[in-house]
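K.L.:
Only the shape, not the letters, is given here:
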Ligand SMILES: O=C(O)CCC(=O)C(=O)O
Ligand SMILES: [Fe+2]
């Protein structure tokens, strides 16, 4: 589990809360106190994930992309800062054992997905 605290920032365009990354595990379940999470689509455009009170955000990580043989993508994301408010996010990071080799499920290997 990771607890992230982003203080308010007078010039959010000059700073980043958390730089672009993908999560290494299978699934991340995230709770955010305010809007601030952004995800990148296939054309490399950024989209704000709306804040919905009480909602949890579920993101797929690198291990899920590998297990699904690329059918599901690990989503690049980042956290931006806010002029007025401090923001807190709580990330529950789920992963396979780090010393275990992860590979695609055999059922998902075919001519198009080798
Ligand atoms: O604070 C956020 O919304 C993102 C946190 C995050 O990406 C992480 O902890 O891996
Ligand atoms: Fe993340």
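P.N.:
The structure has been received and is ready for your questions. Computed from a predicted structure; not experimentally measured. Ligands and ions are numbered 1, 2, ... in the order given.

K.L.:
Just the buried positions in stretch 71-86, please.
P.N.:
Across stretch 71-86, burial judged by 16 or more other Cβ atoms under 10 Å covers 74, 75, 77, 78, 79, 80, 81, 82. (Glycine included, C-beta is placed from N, CA and C.)

K.L.:
what about it, how long is it end to end?
P.N.:
Stretch 71-86 has an end-to-end distance of 36 Å (criterion: Cα to Cα, to the nearest Å).

K.L.:
Any residue of it touching ligand 1?
P.N.:
Yes - residues of stretch 71-86 contacting ligand 1 under Cβ under 6 Å from any ligand atom: 77, 79.

K.L.:
so how far is that stretch off the chain centroid?
P.N.:
Averaging C-alpha positions (Cα atoms, centre = their mean, to the nearest Å) puts stretch 71-86 7 Å from its chain's average.

K.L.:
And the buried residues of stretch 71-86, which is closest to ligand 1?
P.N.:
Within the buried residues of stretch 71-86, the smallest distance to ligand 1 is 3.9 Å, found for residue 79 (Cβ to the nearest ligand atom).

K.L.:
Quick one: mean pLDDT for stretch 24-39?
P.N.:
Mean pLDDT, computed over stretch 24-39, is 96.

K.L.:
For it, report the contacting residues that lie outside it.
P.N.:
With Cβ atoms under 8 Å, 6 or more residues apart in numbering as the test, stretch 24-39 has contacts from 6, 17, 46-51, 56-64, 67, 75-82, 85, 87-96.

K.L.:
thinking again about what came up before, inside strands: which ones of the buried residues of stretch 71-86?
P.N.:
Per DSSP state E, strands hold the following members of those: 77, 78, 79.

K.L.:
So for residue 2, what's the nearest residue that isn't a sequence neighbour?
P.N.:
residue 91 (4.5 Å; Cβ to Cβ, 6 or more residues apart in numbering).

K.L.:
try residue 19
P.N.:
In space, and not counting its chain neighbours, residue 19 is closest to residue 78: 5.9 Å by Cβ to Cβ, 6+ apart.

K.L.:
quick one: contacts for the one you found?
P.N.:
Going by Cβ under 8 Å, 6+ apart, residue 78 touches 16, 17, 18, 19, 20, 21, 37, 38, 40, 46.
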